[in-house]
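**Student:** pasted the sequence and its predicted model underneath.
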Amino acid sequence: MMIELLQKVRVIDPVSEIDELFDVLITDGYIKVVASHVSDISSDTKIRDCQGLVLGPGLVDLYSHSGEPGFEERETISSFLQAAAAGGFTRVSILPDTSPAIDNPALVAQLQQKRAEEQRGRGAEGNLSPLHPGSPAPLLHIWGAITLDVAGKQMTELADLAAAGVVGFTDGKPLENLALVRGVLEYLQPLGKPVAFWPSDRQLTANGVMREGSDALRFGLPPIPASAETTAIAAMLELVAAIGTPIHIMRVSTARSVELIASAKAAGLPITASTTWMHLLLDTKAVKSYHTSLHLDPPLGNPRDVVALRAGVRAGVIDAIAIDHTPYSYEEKVQAFAEAPAGAIGLELALPLLWQYLVETKEFTALELWRALSTSPAECLGQKVSAILPHQPAELTLFNPQQTWKVERKSLYTLSQNTPWLGQQLKGRVVQTWC
């Protein structure tokens, strides 16, 4: 039996709307007591002084990229799950744009088996991570592809994928054939699984790599107009209004998109939406460095976009913050800004940086941030997160907002280092994760 007492820990629980100091007693993966003071404990209880630490529900990532299968030098399922646990995530969801794509039940089963093998083989290696020694690995959800080979042309066997246990459906890429999108919405209605779309008009995007505006002109980079996103969102909302199938809108990055989604929700459309953590922290001015890990798709927004996205998250117009962890090797990223593949890692960096720049500055409350990283993304997947209460499973993240550490190869569990924060000192790190 493993018994732990976390003394004087700051409990942040969006389910119960609590942000208070408590003692929390955990026994064999379950919360036993939550009280202002716990003294009735057995002699074999491990007591941990948690003053200054934060305990919240385990974080939930809506969508990220795994290198495996096909690009194991970028990321394996094992390293992905290690990085997730190190970042405080107890549930993660991988996108289907692997090689081969996750467009058939056999590959879904193979990936589920990989997670089971990771669980069985944790041993001493697994204990290198902040994952609690008695805890299973983070729960790995798998998005099933909407189209074969995520090519946007022919629908997959959606019912077979649903039966195989996918968490929902997305290509993780823009689908521009609106007739196909309409057919997908009609077909998916009875299956009751989440479906996520990334609205982006690739003709309007063209060869752009940076959000259109004065900074794009100043830096001499090909621009992407905001309308590349907003026209695609408007079309998607019209289809939802006509058919009624609930959808999730991924990677929202513009102020006008927030307005469109707010209007659609006010009109009663069954939609949820997410933005990514880097779109909340950085704007086009950061691209001045030409760091290729700032080449994102969709691109970083102009300053007014960032303001609108932050307000959208706080108001619940944007339901969740996604990580969209996108690992690339050093060789792939060492190119000119426009030629480098778009994307950056984030599983181990998101919570520390969001806390530092949004909570420490008092722009967000701790509850607002934790909700957008845990309970809300779970709800977008049709799931629930347990409250931090007695008799509930201990699916928890213990975070030290004051711990400093350097972002470097030896301090990261991900196999890739494509981040603009590489080599920098960060404040805030996950101490332990219970899955």
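**Tutor:** The structure has been received and is ready for your questions.

**Student:** now the helices: where do they sit in the stretch 101-250 of the chain?
**Tutor:** Along the stretch 101-250 of the chain, counting by DSSP state H, counting those that start in this stretch, helices occupy 105-120, 123-126, 158-164, 178-188, 202-205, 214-219, 227-243.

**Student:** out of those, which is closest to A266?
**Tutor:** helix 227-243 (11.9 Å; Cβ to Cβ). Every C-beta, even on glycine, is put in place using the N, C-alpha and C of the backbone.

**Student:** hmm, back to that, mean pLDDT lowest where, among the helices of the stretch 101-250 of the chain?
**Tutor:** Ranked on mean pLDDT, the bottom entry among these is helix 123-126, at a mean of 44.

**Student:** wait, is T433 part of a strand?
**Tutor:** Yes: under DSSP: H, G, I helix; E, B strand; the rest coil, T433 falls within a strand.

**Student:** give the closest residue to it in space, chain neighbours not counted.
**Tutor:** Residue nearest to T433 in three dimensions, not counting chain neighbours: A85, with 4.7 Å by Cβ to Cβ, 6 or more residues apart in numbering.

**Student:** any idea how far the closest residue to A162 other than its chain neighbours is from T245?
**Tutor:** Of all residues not flanking A162 in the chain, L191 sits nearest, at 5.0 Å (Cβ to Cβ, 6+ apart). Here L191 is placed at a distance of 10 Å from T245 (Cβ to Cβ, to the nearest Å).

**Student:** and if you look at S329?
**Tutor:** Counting by Cβ to Cβ, the gap from S329 to T245 is 38 Å.

**Student:** can you pull out the strands in the stretch 201-350 of the chain?
**Tutor:** 210-211, 223-224, 247-249, 271-276, 320-322 (DSSP state E, counting those that start in this stretch).

**Student:** try the stretch 51-200 of the chain
**Tutor:** 54-57, 59-60, 89-94, 139-144, 168-169, 196-197.

**Student:** can I get these in JSON lines with mean pLDDT?
**Tutor:** Below are those laid out as JSON lines (pLDDT from 0 to 100):
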{"stretch": "strand 54-57", "mean pLDDT": "98"}
{"stretch": "strand 59-60", "mean pLDDT": "98"}
{"stretch": "strand 89-94", "mean pLDDT": "98"}
{"stretch": "strand 139-144", "mean pLDDT": "97"}
{"stretch": "strand 168-169", "mean pLDDT": "98"}
{"stretch": "strand 196-197", "mean pLDDT": "98"}
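
**Student:** my guess is A262 contacts V317, does it?
**Tutor:** Yes: with contact defined as Cβ atoms under 8 Å, A262 reaches V317; the gap is 4.6 Å.

**Student:** compare the two (neighbour count), which wins?
**Tutor:** V317 (22 against 18; other Cβ atoms under 10 Å).

**Student:** which ones are touching that one?
**Tutor:** Taking Cβ atoms under 8 Å, 6 or more residues apart in numbering, we find V317 in contact with V258, I261, A262, K265, A273, A311.

**Student:** excluding chain neighbours, what is closest to S78?
**Tutor:** Looking at S78 with Cβ to Cβ, 6+ apart, the closest residue is E118, at 5.1 Å.

**Student:** do the same with L296
**Tutor:** A342 is the one closest to L296 (Cβ to Cβ, 6+ apart), at 5.5 Å.

**Student:** okay, now that neighbour: neighbour count?
**Tutor:** 15.

**Student:** list the contacts of it.
**Tutor:** So A342 contacts V209, H295, L296, D297, T326 (Cβ under 8 Å, 6+ apart).

**Student:** how does it look with 10 Å?
**Tutor:** Neighbouring residues of A342 by Cβ atoms under 10 Å, 6 or more residues apart in numbering: V209, T292, S293, L294, H295, L296, D297, P298, P299, T326, Y328.

**Student:** in helices only, show me the residues you listed.
**Tutor:** Nothing among these maps onto helices, per DSSP state H.

**Student:** out of those, which comes closest to T433?
**Tutor:** T326 (21.8 Å).

**Student:** L296 is in contact with the closest one, correct?
**Tutor:** Yes: counting by Cβ atoms under 10 Å, T326 touches L296, with 8.4 Å between them.

**Student:** just give me the neighbour total for the closest residue to H279 other than its chain neighbours.
**Tutor:** In space, not counting the residues next to it along the chain, H279 is nearest to S253; the distance is 5.2 Å by Cβ to Cβ, 6+ apart. With neighbours defined by other Cβ under 10 Å, the count for S253 comes to 26.

**Student:** now for the contacts of V317: which two are most distant?
**Tutor:** K265 and A311 (14.3 Å).

**Student:** need the contact list for G192.
**Tutor:** A162, G168, P246, G382.

**Student:** just among those, which is most surrounded?
**Tutor:** Neighbour max across these (other Cβ under 10 Å) = G168, 25 neighbours.

**Student:** what's the closest non-adjacent residue to that one?
**Tutor:** Nearest non-adjacent residue to G168 (Cβ to Cβ, 6+ apart): P194, at 3.4 Å.

**Student:** tell me how many other residues surround the closest residue to A372 other than its chain neighbours.
**Tutor:** Excluding the flanking residues, the one nearest A372 by Cβ to Cβ, 6+ apart is I321, at 4.6 Å. Neighbours of I321 under the rule other Cβ under 10 Å: 29.

**Student:** show me where pLDDT drops low in this protein?
**Tutor:** Applying pLDDT under 70 to the chain flags the ranges 121-129.

**Student:** again, only this time at 80
**Tutor:** 1, 119-130, 132-134 (pLDDT under 80).

**Student:** show me the contacts for A264.
**Tutor:** Contacts of A264 by Cβ under 10 Å, 6+ apart are I233, A234, M236, L237, E238, V240, A241, I249, P270, I271, A273, V317.

**Student:** and for the third one, the neighbour number?
**Tutor:** Burial of M236, expressed as a neighbour count using other Cβ under 10 Å, amounts to 22.

**Student:** what of the first one?
**Tutor:** Burial of I233 is recorded as 23 neighbouring residues (other Cβ under 10 Å).

**Student:** my read: it touches T254, true?
**Tutor:** Yes: between I233 and T254 there is a contact at 8.9 Å, judged by Cβ under 10 Å.

**Student:** residues contacting E339?
**Tutor:** V209, T292, H295.

**Student:** could you do L217 as well?
**Tutor:** M210, P223.

**Student:** give me the number of residues near R202?
**Tutor:** For R202, using other Cβ under 10 Å, the count is 12.

**Student:** ok, the nearest residue to it once chain neighbours are set aside - how many residues close by?
**Tutor:** Spatial nearest neighbour of R202, excluding adjacent residues (Cβ to Cβ, 6+ apart): P174 at 5.7 Å. Counted with other Cβ under 10 Å, residues neighbouring P174 total 20.
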